[in-house]
Each structure stands twice: as C-alpha cells, then as structure tokens.
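**Q** Here is my input; please provide its structure:
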Amino acid sequence: MAGGAVSNSTYTSTKDTGAKPGSYLFPFILVTSLFFLWGLAYGLLDVLNKHFQEVLNITTKRSTLLQGAYFGAYFLMALPAGMFMNKFGYKKGIILGLMLYAIGAFLFYPAANALNFDFFLAALFILACGLACLETAANPYVTVLGAKETSEQRLNLSQCFNGLGSFLGPIIGAKLFFGSGSNDLTTVKLTYIAIGVVVLLIAGFFYRTPLPEIKEAEQEGKEVMEDTRPLFAHRHFVLGVVAQFFYVAAQVGVGALFINYVTAYWHGISTENASYLLSVGMALFMGGRFVGTALMRKVAPNQLLAIYAFINMCLCAFVMTGNGAPSVYALIAVFFFMSIMFPTIFALGVKDLGKNTKRGASFQVMSIVGGASVPYVMGIVTEWQSLAISYGIPTICFFIVFLYGWKGYKRV
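**A** I've put the predicted structure just below:
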C-alpha cells in the first residue's frame with residue numbers, strides 16, 4: 001500500500017534457532033509474495049478508476065468512491081485483524097487475508113456481468129479487508145525468516161516487491177483494459193479471476209508450509225519503558241497520526257485522478273499511454289525509497305521529510321496551472337518525493353512510546369483512512385472548478401506534512 005513502515009520492535013521465533021538458513025527460503029518467498037500482491041492491487045486501482053468512468057458512464061467524483069471503499073476497509077479492518085492474529089496466530093491471519101482477497105477478486109465477475117458500480121465497491125471493500133490482514137502480518141514474519149543480523153535487508157527486499165507490484169499494476173491495466181480495443185468489462189473479469197486463482201494457490205501453499213510462530217520483544221530503554229503517560233499524551237504521536245492521515249490522503253489523491261489529469265491537459269495522449277505514465281510515477285516512487293534511505297545517512301529524517309514535502313507543495317502548485325506536458329512531468333515527479341513519507345512519519349510518530357508502541361502503530365495504520373476521503377473531495381472540486389484546481393487539496397495536505405517534519409515530530 002502506502003509503504004513499508006519502519007519498526008521499532010524486534011520479533012523472535014519460537015522455532016529452533018538452530019534451523020538451517022535454507023529452511024526459511026520457501027516461507028520467505030511466500031511472505032514476500034504478499035508484498036507484491038497488495039502492491040499489484042493498489043497499482044490496478046487508479047486504472048480501474050478511469051476505466052469505470054468510461055465503461056459505466058460515471059462521473060469523476062463518483063469513481064473516487066473506489067478509493068473510499070479501498071482505504072475505508074483498512075480503517076475498519078486494522079484493529080479486528082490485529083485482534084484476530086493475537087488470538088489465532090499470524091499464519092491463520094495471513095490465510096484469512098488471502099481468502100478475503102480471493103473472494104473480493106472473484107466477486108468482480110458478477111459485478112461486471114451486472115454492470116453495477118455499487119457491486120464493484122462491495123467487492124473491492126472485501127478485497128481490501130484481506131489486504132489489511134496481510135499488511136498487519138507480513139512485516140513481522142519477514143523479520144524472523146532468517147538470521148537476526150540480516151532482518152532489515154530481508155524487509156527492504158520484500159518491500160521492493162511491493163513497489164514492483166505497484167509499478168506493474170498500471171502497465172497490466174493499460175494493456176488489458178485500454179489496449180484490447182473493446183469498451184467493456186471482459187478484461188476486468190478475466191484479470192481478477194486470474195488474480196483470485198493465484199491468491200488461492202498462495203493460500204494453499206501457506207496452509208501446507210510450516211511457519212515460525214513469533215512473539216514481539218520490544219527493545220526500549222529503561223526510561224522509555226517506565227514512561228506511564230497515556231498514549232494520547234504523547235504530542236509527537238498525535239501529530240504523527242494527523243500527518244499520516246493527510247499524507248495518505250495526498251498520495252491517493254495524486255494517483256486517483258492522475259490518468260484523468262494527463263488525458264485532460266496533455267492534448268492528444270491516449271488513456272493507455274497515460275496509464276503507462278502512471279507506471280513511470282510508480283517506478284520513481286520505488287526508486288525514491290532507495291535514494292531517500294541513502295540521503296538519511298547525511299540528513300536527519302525529519303529534515304528530509306520537511307524538504308520533500310515543501311518540494312511537493314511547489315510541484316502541486318505548478319500542476320494546478322494545467323500547463324500541458326510540463327505540468328504532467330511535475331505531477332510524475334511528485335511520486336518520487338512522496339516515497340519516504342509514510343515510513344518516515346510512521347517511525348517518528350511511534351518513537352519512544354514504550355509499552356504503547358504497538359497500540360500507537362495500530363492507530364498509524366488506521367490513519368490510512370485519509371485516502372478514502374480526499375479523492376472524493378477532489379472530485380467535487382473538479383466538478384465545481386477544474387481538475388487542475390483540485391490538486392490544491394494535495395498541496396494543503398503536503399503543507400501539513402511539512403509542518404510535522406519541521407516541528408511536529410518533536411517529543412515533549
């Protein structure tokens with residue numbers, strides 16, 4: 001989804017620590033596939049937005065309800081998923097998530113036959129509930145599937161496949177949805193049936209593959225662990241949740257209407273080619289994570305967050321001019337500077353929460369609901385003014401992120 005979070009916790013396995021490294025290879029491949037699966041689902045989402053506008057004859061504003069269903073599911077499912085996994089274990093939680101993912105994907109078939117947008121919203125909501133379960137479980141599993149010393153490398157490798165899924169999603173959507181020459185939902189049905197089958201196969205592999213049970217071992221300093229303040233008394237945490245809400249809102253808003261913007265202001269470009277440009281943006285988003293990680297060796301994370309947010313404010317302001325191809329290039333560049341925001345805000349927001357770290361992380365995940373609201377607001381502004389002016393909403397969101405990186409991150 002938005003990006004892999006940086007964890008303050010370590011996780012230990014209850015399996016024999018003398019297990020051979022090779023014995024974890026197949027489980028690691030399976031867990032890494034989860035990162036790819038939810039990246040692919042997100043990559044297809046923005047392409048579906050434009051496709052449904054054309055095939056189902058719905059307005060831009062109404063089409064943004066897809067983002068509402070998708071990210072609303074994250075908000076509603078985050079805590080129940082955590083509770084389920086605490087009681088039944090992470091492996092069963094992953095299988096539950098995969099089953100919900102598959103059910104949602106298969107429901108695209110009857111929704112397409114009915115040509116019913118509301119049916120699609122319900123199917124996507126169920127699919128995204130599954131993704132919420134997968135995101136809750138995947139990071140802890142990756143950290144225990146091998147030597148403790150290389151856990152960070154494994155997590156970064158797995159997150160690369162999330163970016164790969166997000167990159168390939170628009171390419172697949174462009175080729176199948178817009179490149180077939182047909183103006184119906186046949187390719188949507190076939191695509192999601194194929195996805196559902198693959199997801200079920202992976203669920204079967206998880207069912208048959210032994211996976212290590214894990215338990216969280218917080219490694220905090222004594223002073224932090226003795227901090228008895230309630231969670232919401234930590235100012236940097238509360239402001240972090242606010243900043244995360246607006247960041248995800250900006251990210252989803254930028255992507256949701258990307259294809260609409262490109263076809264509206266770059267005259268003569270096709271919807272298919274606009275989808276390919278969205279993939280370029282996703283590739284920059286993926287590459288930006290590597291660049292940002294390297295820069296953080298020299299620049300404090302909060303400072304880099306503020307710099308990137310300020311740059312995106314300027315880029316979005318230029319996007320609002322609707323100045324043909326140059327404004328499209330600016331919009332593509334926004335993806336690069338968004339790349340570090342989710343994990344950086346997450347890490348700053350949950351730092352030094354002591355025993356409240358796990359609950360704080362849950363609220364950070366719930367703040368993803370920001371992505372459910374802003375695209376709809378941008379749709380309203382589009383109908384009221386213009387599509388270019390609607391990008392003033394992400395500009396405001398990035399300003400709030402800038403304030404958090406400037407001063408809001410400080411612990412008092």
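**Q** For residue 408, which non-adjacent residue is spatially closest?
**A** residue 239 (4.0 Å; C-beta to C-beta, 6 or more residues apart in numbering). Yep, even glycine has a C-beta here, placed from its N, CA and C like the rest.
**Q** Output the below-cut-off pLDDT ranges for the stretch 201-350 of the chain.
**A** 213-228 (pLDDT under 70).
**Q** ranges for the strands of it?
**A** Listed in chain order, the strands of the stretch 201-350 of the chain (DSSP state E, counting those that start in this stretch) span 214-218.
**Q** For burial, what's the neighbour tally of residue 380?
**A** Applying other C-beta atoms under 10 Å, we find 14 other residues in the vicinity of residue 380.
**Q** helix, strand or coil for it?
**A** For residue 380, the assignment made with DSSP: H, G, I helix; E, B strand; the rest coil gives helix.
**Q** Check which helix or strand the closest residue to it other than its chain neighbours maps to.
**A** Once flanking residues are discounted, residue 380 sits nearest to residue 61: 5.8 Å by C-beta to C-beta, 6+ apart. Assigned by DSSP states H and E, residue 61 belongs to helix 60-63.
**Q** Give the buried residues for that helix.
**A** 60-61, 63 (16 or more other C-beta atoms under 10 Å).
**Q** what's the distance between the residue nearest to residue 408 and residue 347?
**A** Applying C-beta to C-beta, to the nearest Å, the value for residue 239 to residue 347 is 14 Å.
**Q** try residue 59
**A** Residue 59 is 39 Å from residue 347, by C-beta to C-beta.
**Q** circling back to that earlier point, the residue nearest to residue 380: what's it in contact with?
**A** By C-beta atoms under 8 Å, 6 or more residues apart in numbering, the residues touching residue 61 are 376, 379-380, 382-383.
**Q** Local confidence estimate at it?
**A** pLDDT for residue 61: 84.
**Q** Also the one 5 residues further on?
**A** pLDDT, residue 66: 90.
**Q** ok, now the one 3 residues further on?
**A** According to the prediction, residue 69 has pLDDT 91.
**Q** Give me the neighbour count for it.
**A** Counted by other C-beta under 10 Å, the residues lying close to residue 69 total 20.
**Q** List the contacts of it.
**A** Per C-beta under 8 Å, 6+ apart, neighbours of residue 69: 121-122, 124-125, 128, 372.
**Q** cool, residue 99 as well?
**A** By C-beta under 8 Å, 6+ apart, residue 99 lies in contact with 130, 203.
**Q** got it, and the one 3 residues further on?
**A** Listed by C-beta under 8 Å, 6+ apart, the contact set of residue 102 reads 130, 196, 199-200, 203.
**Q** Using neighbour counts, trim these to the buried set.
**A** Among the contacts of residue 102, those classed as buried by neighbour count (16+ other C-beta under 10 Å) are 130, 196, 199-200, 203.
**Q** Widest-spaced pair of those?
**A** Across the buried ones among the contacts of residue 102, no pair lies farther apart than 130 and 200, at 11.7 Å, counting by C-beta to C-beta.
**Q** Return every residue with contacts to both of these two.
**A** Contacts common to residue 130 and residue 200, judged by C-beta under 8 Å, 6+ apart, are 98, 102.
**Q** Which member of the contacts of residue 102 is positioned nearest residue 255?
**A** residue 130 (20.7 Å).
**Q** hang on, that closest one in a strand?
**A** No. Read with three-state DSSP, residue 130 is helix and lies in no strand.
**Q** Verify the contact between it and residue 98 for me.
**A** Yes. Using C-beta atoms under 8 Å, residue 130 is in contact with residue 98, at 6.5 Å.
**Q** shaky segments in the stretch 1-150 of the chain?
**A** The stretch 1-150 of the chain contains residues with pLDDT under 70 at 1-23, 139-141, 143-144, 147-150.
**Q** Spell out, range by range, the strands that occur in it.
**A** Ranges of strands in the stretch 1-150 of the chain, per DSSP E, counting those that start in this stretch, are 9-13.
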